[in-house]
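Trainee: After the sequence you'll find the predicted model.
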Amino acid sequence: MLRRTLSRVSWVDVFLRIFQLVAAVVILIGLYKTFTTARYSSEQWATLAFAGLAQGSIYALIALGYTLVYGILLMINFAHGEIYMTGAFSTVFLAMYFNRIGFLQSSPVLAIIVLILFSAAVSTSIAVLLERIAYRPLRNAPRLIPLITAIGASFALQYTFRGLFGSQFRAYPDIAVLKGTWNILGFDVPLVQPVVFLAAVLLMVALYWFVERTKTGKAMRAVSEDKAVARLMGIDIDRIIVSTFALGGALAGAAGVFNGLFRPQGVFFLMGFFPGIKAFTAAVLGGIGNIPGAMMGGLLLGLIEALGPNLILEGLGIPAANQLKDAIAFLVLVLILIFRPQGIFGERLAEKKA
Amino acid sequence: MSKRFVSIFSLLVIASMALAACGGGAAPLECTDAIGCVEVAAGEPIHLAYMLTVSGATATLGDDSLGGIRVALNDRPDVLGHTVELTGEDEGCSAEGGQTAGTKVAADPSVVAIVGTNCSGAAFAALPAISEAGMLMCSSSNTNPGLTDPEGGWLPGYYRTAHNDKFQGRIAAEFAYNELGARTAATIHDGSPYAQALQQVFAETFAALGGTVTFQGAVNVGDTDMRAVLTTVAADTPDILYYPIFEPEGNFITAQAAEVAGMENTILMGADGLLADTFPENSGENVVGMYLSGPYVTGATYDDFLAKWAEVIGGVPPSGFHAFAYDCTNMILDAIESVAQQGSDGTLLIGRQALRDAMTATAGFDGLTGSLTCNEYGDCATGEALAVFQITEAELNGGWPPAAIWTP
Amino acid sequence: MKINWKTTLRYGLIGGVSALYFSMIGMVELFAGRNLIGTTVNMGHLLLYGGMLAAGLLAARAHHQGKLAQHAVIGLVAGLSAAIPTALLVILHEFIPMQDVFVSVNNALIRFLTFERGLPGLLQFFLASGLLGLLGGLFDGIPTDYRRAVGTGLAGVAIVAVFSDLVTQVLTNLFGRASVNIFFVSKALKPVIALVLLLAIAAFVFMRDRRKANAPAAVAAAPLDKRAALRKQVILFVIIGALLAIAPWILGSFLSQVLFEVGRFVLLGLGLNIVVGYAGLLDLGYVAFFAFGAYTMGLLTTTTNLNLGGGVFNFWLALPIAVLVSVLFGVLLGFPVLSLRGDYLAIVTLGFGEIIRILALSDWLKPIMGGAQGVLFIPTPEIFGIVFDSPESMYYLVLAAALVAAFVSIRLRDSRLGRQWMAMREDEDVAEAMGINTVQTKLLAFAIGAGFSGLGGAIFAARLGNIFPHSFNLLISINALSLIIVGGLGSIPGVIVGAIALVGLPELLREFQEYRLLIYGILLIVMMLNRPEGFLPAEVFKRELHAGEITEPAEVE
């Protein structure tokens, strides 16, 4: 019996090791060929990497919403990408108005803060509303049930916003002061990228502090450890869950404005779908339920997306390599999860079986 | 079930049957058409249908064509003493959507003709049912060459006012090589059959003219980060970058091209997918100077059309295919007027084969998109009504449409 | 009885927000053009004033009992207050044009809301809203048996009018187009017909209830002996079987096409049900196997130069190969995810699904798989001179495939393997400790699920004639998952009901166009809130759900 078990385990393991080995070798060949052909300058690689970091920080902000909710309810809030969309889409009209009256160009910092607050307010309200209508009545149902209402909510939100604001594409206005470049480590980087990156990191640090230090944050952690005990300790579970959704929504709303600064184009009702999936991937990559994990997962995903195709696939001589960008990202995810089934940083609630 | 209910119900059914039997009434017209006729009783509307993509990310295409149809119908409230009723289906820009929409339209024998589809993939799947039902379908934006190729997907009853990819790709390449003097070119498509085919024709024509195609890349629908692919393009510093794709991916490429080193001297060029009033404003400053190939529909008649659009639909057309839909609708109505037999009581009898024949015989139709002459496989546009446009500061500040700077 | 004004106003407000919502997202204006009954009642009315009617009704109901006059007052107040939000919108529009932002708040909407009379028309709007609220309130006040009869009648008329396409298709198919013109004007019910229908349904319900009430309760309560129950079941099966067999003749080609779509998703659902429902492995990339089936069929039989089969394959030869290829990939993609659990499994399978679609789309594999241009000219199946080129004939093919899949599913569920799956679903560690080979069990679940999906894909490709990578997107996986959960996880009849609700219904709602997915989303939420266990839950899940409710409300994991 034991021997049979052993042989069986090793057989699967051998297969997986071979799979990893082949993938690693292919990646190395791609890297080697890319560097030996020296098609791109280090300047170009740096540009890609900085853009990837900025994109990654936006993924990270959205991923935090997934992770916070997951940590407490063990539930995938599939509609979180749409919560991000609602903030970004509503705020584009305010941004266009600010631009028309000149406020956006005359005092950009104040204007951007107002935009972020507005976007966060919209996203937060939608997130709280969603929790009230679609999730709270199902809190005791098996876990797949709220996943389905989340999918339903996702469609409902997309097409409600299409009905409200139309199917046209919109764009955030250009902001003159963000147009310049910054010299980082000898590379000229568009100013907006480090600004977005630093602002996002600031928000994440603030969140970390909030969860670790404040009373509500501690209550959140208590609820995520054990709801029954937390209730006995006098914690109002409903209130904590609502604040978790609100917090996730606010971060997604802020991400919507950051995205508008960084990539102003393409604001429309389906804009939340792909970032939502990507952020979910990032959250899992870092270890779902784990706050620093979501941050790192987001940044890593941004970098892989920005560098992966040119770095690996082009060296292999694959035509139109950028088409396979998402395939690379998912492949890396699979490889990492085979090594570490609990994500890079592990699940903070590892003992609680998912 | 209660007995009384059964008796009431059967009475109703019998009564309705009786009504149906005598409802046919005086019909002196006789159908001699090989594949059947549509009879439109006095006082009843002539039934046109549309199959367009009105949901999802390609919805602007459908909204655009639908507007063109509605403006055309608004122009002609009376066709041989009948009004025209328009009903429609969403083809969703997918093969399965096209098939379901086509089956549904084909199942309604009162439909005389169809304007649609938007996407070629939907047309391939919809056409068998439509053709079988003896109907006629005229597309405003199918550009796949196979649809009018008897060896390909062509079936009787198919027409289009949209130009075959072969025309637009060739014209763009000729413009780039001969007029702009470009000798190296790169292309990007978005994985849609339309963009992939168009850039392929462009690349082949450009190479045949003597140019070098340095790179043929692709992005995905939903991508926002184009820097990576643009960096690859920039490595060869081509003279021109051709990306016949749609919003919003086209916006991202246009805007981010300004931020990638090595792209400073590369001319940007798109196609009719980007010929939309929102495109310049959404793309930002880098759009100025960019070229777009597309249908040449400027001039006084087009200005009239835009005025009517503003009145009937409101605003400006969201994309570049409304004029083709307008022409399709008018050609169909003309064909109906020329073949319909009129009874003394106002009844119309429209022979389906006769209608197709009349459509095929269309020659020198003076449409918004130029002079249209259909060939036996339904290609009604010859590509002469194509032009290249250049975006200027005026368009960036809300002006539309841009001026045509070159016609073949 | 005292009237609780706060409650009344609250219901009024809810009704008002619903009316405002439908107005602002453009549905009211767009569907004002879709007549339901004659030219007097259109769908815009239904969406707008439905809120007022519901407000009146619910507000009155919240008061439990009272005189009819009180009902009327409550309904009137609720209806009037429900008009306020929309009226404010109209007034606001007068001063600040907002069409630049809210594209649906346009002049056409305002004209519809104000009865084409400008601001003074608001008076009429309030009048209409109040009247409908009043009717709603009164409706709650009339005796139950009348209420049931009238309510069912109204609902029946509304359903026939909204789904008039369905009715007209059947009528056209059975009695010819002329029969439609007796009952309908374009898509709207003729007013006389609507009235007759209302009275007929109301009379029927009324008399049935009367008879039931008069009949001795013993009839209903009498325990059926086993034989009788069995006989009843057999009769039911025969009726269902006969209906399935003759369905295309009754329904005509469009509805047969809808049934074909339902059948395709039944196949997908049955396969996914094995993976998720039986084995408890959350797979979000299930569409990949559907794609393998479709592409194998396509590449083996296409008449273009992409053909890999050397021209020897027809549909029937390619079908088993398509299934086999899917099974193979089911095992292959199952390997890397063996050690993953729960949501990690979900995201990795989602990734696999996307990778497959992206590869099929890529220029890299274009020489083999057709890339963006897809695989064209896949021939239709043909056997003994019968060509499966119509929706009606393909319906039989997909029906046969679904029956086989259902049969296999049932046999598997009751087999040793089925019990192993369920044990693994309950607790993987315990299952392993009990000597279940979880590797083998998991891989078998993936493989069999993939096989069903591949079968569906192969038939799909043959029906469509052309396949494009875009047909294999994430939404298919999501739809398949939703339908098995809506139907009831682990339940085979549930899969069928789920497919009808989530695939068939949206097809019938095609005329809602861009709002179809909005309705789909709202439908998903409402269904799950009302029946979290699904329509036809499997016994074991019903127990589980209720056990959770009784013992430990905080934590059901």
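Mentor: Thanks, I have the structure now. Numbering: from 1, shown residues only, chains lettered A, B, ... in the order given.

Trainee: which residue sits closest to the residue of the stretch 51-200 of chain B found nearest chain A, ignoring its sequence neighbours?
Mentor: With Cβ to the nearest Cβ as the measure, residue B:59 is the residue of the stretch 51-200 of chain B nearest to chain A, at 4.3 Å. C-beta here means a position set from N, CA and C on the backbone, and glycine is covered the same way. With Cβ to Cβ, 6 or more residues apart in numbering or on different chains as the criterion, residue B:59 has its nearest non-adjacent residue at 4.3 Å, and that residue is residue A:167.

Trainee: part of a strand, is residue B:39?
Mentor: Yes. Assessed with DSSP: H, G, I helix; E, B strand; the rest coil, residue B:39 lies in a strand.

Trainee: Tell me who's in contact with the closest residue to it other than its chain neighbours.
Mentor: Spatial nearest neighbour of residue B:39, chain neighbours left out: residue B:349 (5.5 Å); criterion: Cβ to Cβ, 6+ apart. Taking Cβ atoms under 8 Å, 6 or more residues apart in numbering or on different chains, we find residue B:349 in contact with B:29-31, B:37-40, B:340-341, B:343.

Trainee: Who is residue B:349 paired with across the strands?
Mentor: Beta-bridge pairing for residue B:349 (DSSP bridges): residue B:39, residue B:341.

Trainee: Which parts of chain B belong to which domain?
Mentor: Domain assignment of chain B by automatic domain parsing yields the ranges B:38-162+B:321-377, B:166-297+B:387-406.

Trainee: Just the pLDDT at the residue nearest to residue B:59, thanks.
Mentor: As predicted, residue A:167 sits at a pLDDT of 81.

Trainee: Return the residues of the stretch 251-400 of chain C in contact with chain A.
Mentor: Neighbours of chain A within the stretch 251-400 of chain C, by Cβ under 8 Å from any Cβ of the partner chain: C:276, C:282, C:335-336, C:338-344, C:346-348, C:350-352, C:354-355, C:358-359, C:361-364.

Trainee: Which members of these occur in strands, if any?
Mentor: With DSSP state E as the criterion, strands contain none of these.

Trainee: Pull out the buried members of these.
Mentor: Burial by neighbour count, 16 or more other Cβ atoms under 10 Å in any protein chain shown: within those this picks out C:276, C:282, C:335-336, C:338-344, C:346-348, C:350-352, C:354-355, C:358-359, C:361-364.

Trainee: pLDDT on the longest helix along chain A, on average?
Mentor: When chain A is parsed with DSSP state H, its longest helix is helix A:2-37. Taken as a whole, helix A:2-37 has a mean pLDDT of 74.

Trainee: for it, the distance to its chain's centre please.
Mentor: Computed by Cα atoms, centre = their mean, to the nearest Å, the separation of helix A:2-37 from the middle of its chain amounts to 29 Å.

Trainee: Ok, stretch A:195-215 next?
Mentor: For stretch A:195-215, the distance to the chain centre is 15 Å (Cα atoms, centre = their mean).

Trainee: How much space separates residue C:19 from residue A:162?
Mentor: According to Cβ to Cβ, to the nearest Å, residue C:19 and residue A:162 sit 19 Å apart.

Trainee: For the stretch 351-500 of chain C, which residue gets nearest to chain A?
Mentor: Going by Cβ to the nearest Cβ, chain A is nearest to residue C:351 of the stretch 351-500 of chain C, at 3.2 Å.

Trainee: what about the closest residue to residue B:259 other than its chain neighbours, how many neighbours?
Mentor: Spatial nearest neighbour of residue B:259, chain neighbours left out: residue A:190 (5.8 Å); criterion: Cβ to Cβ, 6+ apart. For residue A:190, the neighbour count with other Cβ atoms under 10 Å in any protein chain shown is 21.

Trainee: Then residue C:16?
Mentor: Residues near residue C:16, counting by other Cβ under 10 Å, number 26.

Trainee: So which elements touch the strand or helix carrying it?
Mentor: For residue C:16, the element it lies in under DSSP states H and E is helix C:5-24. Packed against helix C:5-24 by the contact rule (3 or more Cβ pairs under 8 Å, 6 or more residues apart in numbering or on different chains; DSSP states H and E) you find helix A:144-165, helix C:27-31, helix C:43-62, helix C:68-95.

Trainee: Format those as CSV; extra columns: distance to chain B and mean neighbour count.
Mentor: Below are the helices and strands packed on helix C:5-24 laid out as CSV (distance: least, Cβ to the nearest Cβ, whole Å; neighbours: other Cβ atoms under 10 Å in any protein chain shown):
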stretch, distance to chain B, mean neighbour count
helix A:144-165, 8, 24
helix C:27-31, 11, 23
helix C:43-62, 14, 25
helix C:68-95, 14, 21
